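Peer 1: one predicted model, sequence on top.
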Amino acid sequence: MEDSLVIQARRIAGDFLLEQVKTSYQIIGKGNVNKVCVVETESRKVVVRMNDKGTYPNFIKEKWCAEQASAVGTTGPEVLSIGIADETAYMIQSFIDGDNGLDSMVLKSWRICQTHSFDSSERIRGKSD
């Protein structure tokens, strides 16, 4: 049986895309604030981020921030829609294939280099042994 969260994400995305949903699933363990699902129709794959309706102003701000970042050439998912449905604030974003930042080996390598660089600079300045 499908979880009610995934069912709600399917409904929100299907109503926006005006298409029948083929597949959907929840992304678990990759964030702390929103409930996140991926929904796929015949022609589109989107991310539906959801939270209680009181967080809707945060989605407005995030949409504005994403638009500003895009305007200066920073790539990221496109915000397709924000709204409130059944006491739930939501944001629909385009799906971008790739690794989650928490899973990326590039990010882990960068963090190791950053940590090593910080430790070295502290030693040079005599703040650590």
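Peer 2: Structure received. Numbers count the residues shown, from 1 in each chain.
Peer 1: quick check, residue 46 in contact with residue 91.
Peer 2: No. Counting by Cβ atoms under 8 Å, residue 46 stays clear of residue 91, with 10.0 Å between them. The way it works is simple: take the backbone N, C-alpha and C, and place the C-beta from them, glycine included.
Peer 1: neighbour count winner among the two?
Peer 2: Ranked by neighbour count (other Cβ atoms under 10 Å), residue 46 and residue 91 place residue 91 first, with 26 against 23.
Peer 1: could you measure from that one over to residue 104?
Peer 2: Residue 91 sits 22 Å away from residue 104, taking Cβ to Cβ, to the nearest Å as the criterion.
Peer 1: same question for residue 35.
Peer 2: From residue 35 over to residue 104 (counting by Cβ to Cβ), the distance is 22 Å.
Peer 1: of the two, which one has the most company?
Peer 2: Between residue 35 and residue 104, counted using other Cβ under 10 Å, residue 35 has the larger neighbour count: 20 against 13.
Peer 1: which non-adjacent residue is nearest the more buried one?
Peer 2: Once flanking residues are discounted, residue 35 sits nearest to residue 50: 4.8 Å by Cβ to Cβ, 6 or more residues apart in numbering.
Peer 1: just give me the neighbour total for that neighbour.
Peer 2: 20.
Peer 1: low-confidence stretches in this structure?
Peer 2: For the chain, applying pLDDT under 70 flags the ranges 1-2, 106-129.
Peer 1: that one: helices as residue ranges?
Peer 2: 4-17, 56-71, 105-124 (DSSP state H).
Peer 1: which ones are touching residue 33?
Peer 2: For residue 33, the contact set (Cβ atoms under 8 Å, 6 or more residues apart in numbering) comprises 51, 55.
Peer 1: give me phi/psi at it?
Peer 2: Residue 33 adopts backbone torsions of phi -110, psi -50, taken as degrees, to the nearest 10.
Peer 1: and it, how far from residue 103?
Peer 2: Counting by Cβ to Cβ - residue 33 and residue 103 are separated by 18 Å.
Peer 1: how about residue 97?
Peer 2: In terms of Cβ to Cβ, residue 97 sits 13 Å off from residue 103.
Peer 1: likewise residue 52?
Peer 2: 28 Å.
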